[in-house]
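J.: pasting the structure only:
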């Protein structure tokens, strides 16, 4: 009994010490200077992968909550470019797919694995089937028909760069 009393008394003593010390300590509030915007805010680009895009059920048009939150946002997706016309070297409109050769010599991937890209300002880019790229732009969940089949997404392309795992 005396051992239990000692433990409770110790806890009460520690709690009292903490309360007194905290009450006696001066309260300091760190004030920060207001931020003044000097230009338009830069929207953060979100890196996504094809597993996120697979969240679209193309049979009924429903998508996951994660995918819904990306609607209209700036995203960056890795993939391979597929020109819409055979032997096209440059273009402002093309498909982005998750793996090399998709749509060209094989049946196309499902619609939730194809993105129709239209470059902003119709700016033509070099279309190389063999090189993986990072495609950045504004994502839209919208079904569209292409020469290679139904596409589940549209992307307003703003930037294309060589793929690196970074």
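T.: Nice, I can see it. Everything quoted here is computed from the prediction, not taken from an experiment. Residues are numbered from 1 along each chain as shown.
J.: can you pull the pLDDT of residue 135?
T.: On pLDDT, residue 135 comes in at 97.
J.: now do residue 159
T.: Note on residue 159: pLDDT of 94.
J.: ok, now which ones touch it?
T.: 134-137 (CB atoms under 8 Å, 6 or more residues apart in numbering). For glycine as for every other residue, the C-beta is placed from the backbone atoms N, C-alpha and C.
J.: again, only this time at 10 Å
T.: 45, 74, 76, 119-120, 125, 133-137 (CB atoms under 10 Å, 6 or more residues apart in numbering).
J.: ok, now residue 94?
T.: Applying CB under 10 Å, 6+ apart, the residues contacting residue 94 are 81-85, 88, 115-119, 124-125, 127, 135, 146, 157, 160.
J.: hmm, back to that, could I get the contacts of residue 159 as a markdown table with secondary structure?
T.: Converted to a markdown table, these look like this (DSSP: H, G, I helix; E, B strand; the rest coil):
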| residue | secondary structure |
| --- | --- |
| 45 | coil |
| 74 | strand |
| 76 | strand |
| 119 | strand |
| 120 | helix |
| 125 | strand |
| 133 | strand |
| 134 | strand |
| 135 | strand |
| 136 | strand |
| 137 | strand |
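J.: State the phi and psi torsions of the closest residue in space to residue 122 that isn't next to it in sequence.
T.: Nearest non-adjacent residue to residue 122, counting by CB to CB, 6 or more residues apart in numbering: residue 92, 4.4 Å away. Dihedral pair for residue 92: phi -100, psi 0, per degrees, to the nearest 10.
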